[in-house]
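>>> Generate a structure from the sequence data that follows.
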Amino acid sequence: MDTTFPDLRRYGGADAFLRACKPRAILDMLTGKWSTLVMGALLDGPRRFNELRRILDGITQKMLSQTLRALERDGLVRRTVYPTIPPRVDYELTELGRSAGGLLAAIAEWSAEHADEVFAARRAYDERAAEPVQPI
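Numbers count the residues shown, from 1 in each chain. The predicted structure follows:
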């Protein structure tokens, strides 16, 4: 049984395995480490910049700014500035962002359910890799 994806190019369709394919660019954006985590942090509703920074352990201010800007540019995040002093800025997922966020939430759930198995597989692999090669 062939388990590969069909080559849709002959039908005029997209092929995410091609470098110049539009869906591949979207996959690259969605699967970026910080994009995924920022969108996950926004699933529960709007948040302010510093709140996001506190939630996302390890992200720098610069990386958070770049990630939010990219997600806003791609139509996944909406930035709302309130005319207060000091100005208040909220970030929230758009309808498009919420639909992608559902997929990311499913991946996060799978990751939590299978983390122990993955780490056990890593340990087993590393142990095998550390053993001297045995002649046949």
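>>> Now do the buried residues in the helix or strand harbouring residue 69.
Element membership for residue 69, per DSSP states H and E: helix 61-73. Neighbour-count burial for helix 61-73 flags 64, 67-68, 70-71 (criterion: 16 or more other CB atoms under 10 Å). To be clear about C-beta, it is placed using only N, CA and C from the backbone, and glycine gets the same treatment.
>>> can you put the residues you listed in JSON lines and add pLDDT and distance to residue 53?
Below are the buried residues of helix 61-73 laid out as JSON lines (pLDDT from 0 to 100; distance: CB to CB, whole Å):
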{"residue": "64", "pLDDT": "97", "distance to residue 53": "6"}
{"residue": "67", "pLDDT": "96", "distance to residue 53": "11"}
{"residue": "68", "pLDDT": "97", "distance to residue 53": "10"}
{"residue": "70", "pLDDT": "94", "distance to residue 53": "16"}
{"residue": "71", "pLDDT": "96", "distance to residue 53": "15"}
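>>> any residues touching stretch 90-106, and which ones?
Stretch 90-106 has contacts (CB atoms under 8 Å, 6 or more residues apart in numbering) with 30, 36, 39-40, 42-43, 45-49, 52, 68, 71-72, 75-80, 82.
>>> Before I go, just wanted to say thanks for your time.
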